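Student: Structure here, sequence nowhere to be found:
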């Protein structure tokens with residue numbers, strides 16, 4: 001700045017008023033105005049922008065977590081079909097361990113929905129389904145087992161633990177846990193009940209060891225049995241890869257929720 005007498009003066013620097021912010025134009029600014037607790041963002045220019053504006057903004061994709069319905073291990077409480085009460089408690093603990101992983105998968109943004117302890121829609125059948133994962137229109141029926149740590153293998157439809165036939169003795173006599181056809185039966189009945197192709201209904205078996213002795217299911221899993229997973233090696237990430245990560249189809253979820261006990 002110059003005066004009439006040739007003397008130069010500098011313009012005084014104005015101090016920026018941080019309480020005054022421009023109207024936000026970027027998506028990041030929209031988010032900050034709606035969410036930040038910093039006092040400088042609480043300017044009147046930001047007041048109209050909030051979470052509702054974010055939901056309406058076409059550039060924002062809102063991903064809600066999935067639902068968890070039912071109580072894991074519920075049917076094993078006081079069950080009469082287990083060999084004894086202790087066996088029932090061990091089985092229920094295994095189901096809760098599986099549920100803990102599956103529930104974390106559901107709680108992720110945009111995750112699938114999980115149901116626990118469902119009936120099989122066949123008249124006269126008392127067997128239950130431990131868990132169901134609904135990812136999009138794909139339904140996965142999961143059975144949880146707790147077996148003694150050993151090497152399991154299947155040949156010609158018969159399963160062996162070590163070199164002996166894998167059999168257990170309960171109130172109903174001798175049975176063969178690894179050879180039960182409950183999962184295939186449940187798959188067919190669920191496909192019919194839901195009105196969906198059988199190919200869209202998957203089955204899986206998650207096995208937990210009953211002690212510190214590890215399981216070896218390598219030859220069991222590849223012998224025509226359901227997709228079999230060692231529970232100690234199951235993570236949330238692997239569960240997502242196996243069973244899906246997409247939000248559940250609302251119609252399928254509503255129909256399956258009616259089967260929870």
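Tutor: Yep, that arrived. Everything numeric in this text was worked out from a predicted model, so none of it was measured. Residues are numbered from 1 along each chain as shown.

Student: Select the longest helix from the protein.
Tutor: Counting residues, the longest helix found in the chain (DSSP state H) is helix 85-107.

Student: Just the buried positions in that one, please.
Tutor: 87-88, 91-95, 97-99, 101-106 (16 or more other Cβ atoms under 10 Å). Yep, even glycine has a C-beta here, placed from its N, CA and C like the rest.

Student: which helices and strands sit right next to it?
Tutor: strand 68-69, strand 113-119, strand 128-135, strand 138-147, strand 201-209, helix 236-243 (3 or more Cβ pairs under 8 Å, 6 or more residues apart in numbering; DSSP states H and E).

Student: and the angle from that helix to strand 113-119?
Tutor: Relative orientation of helix 85-107 and strand 113-119, computed by axes from the mean of the first three to the mean of the last three Cα atoms, to 10 degrees: 150 degrees.

Student: coming back round to it: and the helices and strands packed on helix 85-107, which is most packed in?
Tutor: Highest mean neighbour count among the helices and strands packed on helix 85-107 (mean count of other Cβ atoms under 10 Å): strand 128-135, with a mean of 26.

Student: now the angle from it to strand 138-147?
Tutor: 140 degrees.

Student: Strand 128-135 to helix 236-243, inter-axis angle?
Tutor: Here the directions of strand 128-135 and helix 236-243 differ by 90 degrees (the same axes, to 10 degrees).

Student: got a pLDDT number for the closest residue to residue 231 other than its chain neighbours?
Tutor: Nearest residue to residue 231 in three dimensions, chain neighbours excluded: residue 208, at 3.9 Å (Cβ to Cβ, 6 or more residues apart in numbering). Confidence at residue 208, expressed as pLDDT, is 97.

Student: which residues touch residue 208?
Tutor: Neighbour list for residue 208: 94, 97-98, 144-147, 231-232 [criterion: Cβ atoms under 8 Å, 6 or more residues apart in numbering].
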